[in-house]
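>>> Sequence and predicted structure below; questions after.
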Amino acid sequence: MARHPLHPAVVHFPLGLLLTATLVDLAGLAGVLSEPRFAALLMAAGLAFALVAMAAGAVDFARLDEALAPHALRHIAAVGTAWLGYAVALYLRRDMAGSPSLASVATSVASGGVLALGGFLGGELVYRYGAGRIRE
């Protein structure tokens, strides 16, 4: 286990939680869901799990082949921007008496798009460039 990168194993939790929060927001706009706090809870959990994934990613980045650093930095920039966006969306929901504001939902949707891009870039690092792969 010590030789295997941890980041790819833990990123699925924040990705799933945050993208599901965006889907719940869209379902709320469509009138399918009426519980406004559900997306906020998913966002809070996703942001917390993302900190774990970021820490694991920092460890893996330190061991990354230098030639892959520019690709990794683009991935880091995208997911960091998405994390900040979701944090803003969650902050905009601090008054949970009613439905989330349109600004909060729009921020959630935009952050979901940026997060999907960041996930794609991370997948490229692993599957296209072999980042973290153990070469025997």
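Yep, that arrived.

>>> so where's the protein shaky on pLDDT?
1-3, 97, 132-136 (pLDDT under 70).

>>> Give me the residue at the spatial middle of this structure.
The centroid of the chain falls nearest to residue 15 when counting by Cα atoms, centre = their mean (4.6 Å).

>>> Test my guess that that one contacts residue 119.
Yes: with contact defined as Cβ atoms under 8 Å, residue 15 reaches residue 119; the gap is 5.8 Å. Heads up, the C-betas are built off the backbone N, CA and C, glycines and all.

>>> Quick one: list the elements packing against the helix or strand containing residue 39.
Take DSSP states H and E as the rule and residue 39 turns out to sit in helix 37-62. Using 3 or more Cβ pairs under 8 Å, 6 or more residues apart in numbering; DSSP states H and E as the contact test, the elements touching helix 37-62 are helix 7-10, helix 12-29, helix 69-91.

>>> How about it, which residues are buried there?
For helix 37-62, the neighbour count (16 or more other Cβ atoms under 10 Å) marks 38-40, 42-47, 49-50, 53-54, 56-57, 60-61 as buried.

>>> List the contacts of the residue nearest to residue 26 when sequence neighbours are not counted.
Nearest residue to residue 26 in three dimensions, chain neighbours excluded: residue 109, at 6.9 Å (Cβ to Cβ, 6 or more residues apart in numbering). Under the criterion of Cβ atoms under 8 Å, 6 or more residues apart in numbering, the neighbours of residue 109 are 22, 25-26.

>>> Now distance to residue 71 and neighbour count too, for the residues you listed, in CSV please.
Listed next are the contacts of residue 109 as CSV, based on distance: Cβ to Cβ, whole Å; neighbours: other Cβ atoms under 10 Å:
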residue, distance to residue 71, neighbour count
22, 25, 25
25, 30, 28
26, 30, 16
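
>>> How much space separates residue 69 from residue 120?
18 Å (Cβ to Cβ, to the nearest Å).

>>> and if you look at residue 102?
27 Å.

>>> Over to residue 47?
For residue 47 relative to residue 120 (Cβ to Cβ), the value is 20 Å.

>>> same question, residue 106
As judged by Cβ to Cβ, residue 106 and residue 120 stand 22 Å apart.
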